[in-house]
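> mind folding the following:
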Amino acid sequence: MSLALASILAESALRYPDRTAVVFGPGTITFTQLWEQARRYAAAFERRGIGPGDRVAIMLPNIPDFPRAYYGALALGAVVVPVHALLTAAEVAYVLKDSGAKLLVCAGPLLASGGAGAKLAGIPCLSVIAQPGEADGSLEAESAGLEPLPSYRQREPEDDAVILYTSGTTGTPKGAVLSQNNLVLNASISAHDLFAVQHTDVFLACLPLFHSFGQTCVMNTAFRVGAGIVLMPRFDGATAIELMMQHGVTIFTGVPTMFIGLLEAAKSDPRRPALRSCASGGASLPLAVLEAFESVFSTEILEGYGLSETSPVASFNQRVFGRKPGTVGCGIWGVELEIAKAEIDDRIEFEPTGELGEIVIRGHCVFKGYLNNPEATRAAIVDGWFRSGDLGTKDAQGFITIVDRKKDMILRGAYNVYPREVEEVLMRHPAVSQVAVIGVPHEVHGEEVVAVIVRSSEGDAIESSTLIAWSQEHLAKYKYPRHVHFVEAMPLGPSGKVLKRELRDRFARAKP
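The predicted model follows:
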């Protein structure tokens with residue numbers, strides 16, 4: 001049996017050859033053109049010695065080269081390793097080394113960190129949209145004179161397709177290995193069961209494609225049925241409305257901050273795109289925002305839930321079950337979600353209906369495991385269930401409500417920030433004796449990163465601005481704390497654990 005994620009683009013090129021696949025700025029690319037360009041990139045990768053099973057890292061924003069490189073590597077049978085566009089050189093190097101990537105494809109504007117990271121990792125870096133000499137070579141130039149790969153290489157359903165890096169509770173990034181089956185099924189079910197996508201639909205691709213949400217729920221879902229995407233490298237509400245009006249966007253998928261941005265932009269722009277479907281994920285969407293958006297834009301928002309480890313969609317407010325605003329719906333086709341006792345780690349013991357516990361998931365969406373980390377994999381997949389680390393409830397009709405994050409993850413805009421990683425960086429500063437990083441509510445970003453610090457004996461005179469500037473040098477732009485508060489001592493529980501909930505309650509009301 002064979003199954004290849006590359007077939008998502010290949011089949012649409014066969015079925016809808018002249019339909020627009022990608023809109024970027026004033027340019028458009030048809031499915032035939034995009035598939036040929038991807039296979040030409042595949043030929044360039046092959047010439048560089050890349051073969052089936054090899055890892056190709058791509059550090060690209062939402063530009064046409066993302067699908068070209070993504071499907072090009074997949075067509076060759078290689079495994080794609082998307083790299084977050086905001087990582088530092090050291091963070092890039094870690095991902096490249098840990099994944100065993102043989103090559104990095106990097107956009108010119110990101111070469112300062114991407115190219116430097118590739119050098120640290122000792123692998124070649126091919127550039128796109130870059131100035132001559134900025135990388136080891138230009139992918140556009142190397143592929144220009146080559147014959148495209150004739151077709152995609154066949155893969156087995158359980159073969160690796162994509163490795164998505166996500167930080168864990170230790171702060172060390174972990175590579176979630178997703179199979180061909182994981183991603184083909186998630187895109188197919190999203191397209192047919194969740195969004196009911198038609199080949200005449202148009203998506204706004206404002207979610208980063210290097211994230212699982214944008215990659216599966218926008219690009220792969222749209223291409224699965226021959227729908228087009230309008231690429232938007234950086235989101236803002238006013239530009240989003242302009243693009244949606246200009247290109248007839250019918251489906252919008254975003255995180256809560258994006259819906260808030262669209263509502264704000266709508267106050268000064270009377271135009272309304274003809275949206276027939278919207279989906280929200282990544283964080284709980286406030287009911288007030290949902291209601292206001294549906295009223296202003298005359299459409300329906302359906303909330304869903306998932307993680308990188310679940311391809312990502314695990315549950316969704318599906319029309320077949322009806323919709324419950326404030327919930328993330330029921331398990332998608334072939335996927336089960338239950339609530340387990342969060343305090344029990346070594347086995348799965350279910351909570352009664354309606355009780356709070358840890359959300360656990362099983363089904364075709366669950367990843368293969370963490371690359372090079374069997375211990376983390378054993379901790380995450382217990383008795384055949386994936387432990388999400390999120391706390392929630394399940395009602396009698398099967399609707400899941402997210403209540404809290406067991407792992408204290410912070411969602412700033414569209415990006416996940418893991419406190420332990422930030423804490424480890426801050427602890428290297430001599431002025432810091434103890435640190436707890438928390439997320440506090442923010443009207444624009446959803447949550448903001450805040451560091452609560454106990455000064456060391458050397459740090460009596462340290463100012464918050466100094467620590468913010470220092471952390472800014474050592475962390476990606478979306479990770480460093482925007483506010484630092486100093487305390488004499490941390491609130492501690494009986495076991496000596498810092499009570500972050502108390503800190504969140506206290507500093508959510510504090511002035512920076």
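> next up, the contacts around residue 273.
241, 244, 245, 248, 249, 250, 252, 297 (CB atoms under 8 Å, 6 or more residues apart in numbering). (Glycine included, C-beta is placed from N, CA and C.)
> for ChimeraX, what selects the buried ones among those?
Filtering those down to the buried ones (16 or more other CB atoms under 10 Å) takes a single ChimeraX command:
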select :241,244,249,250,252,297
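> narrow the contacts of residue 273 to those in strands?
Mapping the contacts of residue 273 onto strands (DSSP state E) picks out residue 252.
> now render the contacts of residue 273 as JSON lines, adding pLDDT and distance to residue 333.
Converted to JSON lines, these look like this (pLDDT from 0 to 100; distance: CB to CB, whole Å):
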{"residue": "241", "pLDDT": "98", "distance to residue 333": "33"}
{"residue": "244", "pLDDT": "98", "distance to residue 333": "29"}
{"residue": "245", "pLDDT": "98", "distance to residue 333": "34"}
{"residue": "248", "pLDDT": "98", "distance to residue 333": "29"}
{"residue": "249", "pLDDT": "98", "distance to residue 333": "26"}
{"residue": "250", "pLDDT": "98", "distance to residue 333": "23"}
{"residue": "252", "pLDDT": "98", "distance to residue 333": "23"}
{"residue": "297", "pLDDT": "97", "distance to residue 333": "28"}
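> now name the helix or strand holding residue 448.
Following DSSP states H and E, one finds residue 448 within strand 446-455.
> what's the average pLDDT for that strand?
Throughout strand 446-455, pLDDT has a mean value of 90.
> gap between that strand and the chain center?
With CA atoms, centre = their mean, to the nearest Å as the basis, strand 446-455 stands 23 Å off its chain's centre.
> kindly export that strand (C-alpha atoms) in CSV.
In CSV, the C-alpha atoms belonging to strand 446-455 read as follows (Å, rounded to 0.1, in the frame of the first residue of the first chain):
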residue,chain,number,x,y,z
GLY,A,446,-4.3,37.2,23.6
GLU,A,447,-1.5,36.7,26.1
GLU,A,448,1.7,38.6,26.9
VAL,A,449,4.9,37.1,28.2
VAL,A,450,5.8,38.4,31.7
ALA,A,451,8.8,37.5,33.9
VAL,A,452,8.5,37.6,37.7
ILE,A,453,12.0,37.7,39.2
VAL,A,454,13.7,37.5,42.6
ARG,A,455,16.9,39.5,42.4
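> which strands or helices does it pack on?
Here strand 446-455 touches strand 410-412, helix 419-426, strand 432-442, helix 464-474, strand 483-486, helix 500-507, going by 3 or more CB pairs under 8 Å, 6 or more residues apart in numbering; DSSP states H and E.
> the helix or strand that the shortest one is followed by: partners in the sheet, and parallel or antiparallel?
Read in the C-terminal direction, the helix or strand following strand 410-412 is strand 415-417, with elements assigned using DSSP H and E. Listed by DSSP bridges, the sheet partners of strand 415-417 and their directions read strand 410-412 (antiparallel).
> contacts for the strand it pairs with, please.
Contacts of strand 410-412 (CB under 8 Å, 6+ apart): 255, 282-283, 416-419, 437-439, 442, 445-449, 478.
> mind putting the helices and strands packed on strand 446-455 into TSV with distance to residue 313?
Listed next are the helices and strands packed on strand 446-455 as TSV, based on distance: least, CB to CB, whole Å:
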stretch	distance to residue 313
strand 410-412	17
helix 419-426	26
strand 432-442	24
helix 464-474	34
strand 483-486	33
helix 500-507	28
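> return the member of these having the minimum mean pLDDT.
helix 419-426 (a mean of 79).
> and that helix, what does it pack against?
With contacts defined as 3+ CB pairs under 8 Å, 6+ apart, the packing partners of helix 419-426 are strand 432-442, strand 446-455, helix 464-474.
> pick the most deeply packed of the ones you listed.
By mean neighbour count, with neighbours taken as mean count of other CB atoms under 10 Å, strand 446-455 ranks first of the helices and strands packed on helix 419-426 at a mean of 22.
> now do that one against helix 419-426: the angle between them, please.
Taking axes from the mean of the first three to the mean of the last three CA atoms, to 10 degrees, strand 446-455 and helix 419-426 form an angle of 40 degrees between their directions.
> that concludes my questions; thank you for your assistance.
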